[in-house]
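Engineer: Structure for the following, please:
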Amino acid sequence: MTTRRTLGFMAMVFILAFTACAGGKQDIQQYFSNAADKVKATDNPSEKRQILSESFQTMASALDMAQDVPSMSANDLAGIHQLRIALQEKQDELAGHNGYVRVSDERLNAFSDYVVQDMEQADQVITISLITLLLVLILVVLLIK
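Structural biologist: Residues are numbered from 1 along each chain as shown. Just a heads-up that it's a prediction; the model follows:
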């Protein structure tokens, strides 16, 4: 009886872990999707840039803080590093730094959609453990408030 319960418990833990991990990734996607919605709701191009820039900076700060956690695994550090590089490229493209052409005012809505799509695709390539993902999300929430 205890073997059956133990196996059942282990199966539930694995199922819930996969669900939680997918939910955490969706939360990061939702964060950028919310920023894209704010960009589209604003008519002023400078406000659009500010919304995008602040969302990149908040996520980058959270990733930097998570990277400094001493117990972080090498795989998580590599995933955070890859995600941080992707964010820096988006920041550079928005501002026109490091060889990128600045996103024009007319293309800011499309750029915000592109960022959301790119983050969705990054989930397939960048792997971060559930605990690290939740830590990043908590840090984002704390930085926003």
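Engineer: Need the contact partners of the host helix or strand of Ala66.
Structural biologist: Assessed by DSSP states H and E, Ala66 sits inside helix 45-67. Outside helix 45-67, the residues that touch it by C-beta atoms under 8 Å, 6 or more residues apart in numbering are 28, 31-32, 35, 38-39, 42, 72, 77, 80-81, 83-84, 87-88, 90-91, 94-95, 105, 108-109, 111-112, 115, 132, 135-137, 139-140, 143-144. Where C-beta positions appear, they are placed from N, C-alpha and C, glycine not excepted.
Engineer: Then stretch 114-123?
Structural biologist: Lys25, Ile28, Gln29, Phe32, Ser33, Ala35, Ala36, Leu52, Gln82, Leu83, Ala86, Lys90.
Engineer: hmm, try it at 10 Å
Structural biologist: For stretch 114-123, contacts defined as C-beta atoms under 10 Å, 6 or more residues apart in numbering pick out 21-22, 24-26, 28-37, 39, 52, 55-56, 59, 79, 82-83, 86-87, 89-90, 93-94, 103, 107, 126.
Engineer: and these, which are buried?
Structural biologist: 21, 24-25, 28-29, 31-33, 35-36, 39, 52, 55-56, 59, 79, 83, 86-87, 90, 93-94, 103, 126 (16 or more other C-beta atoms under 10 Å).
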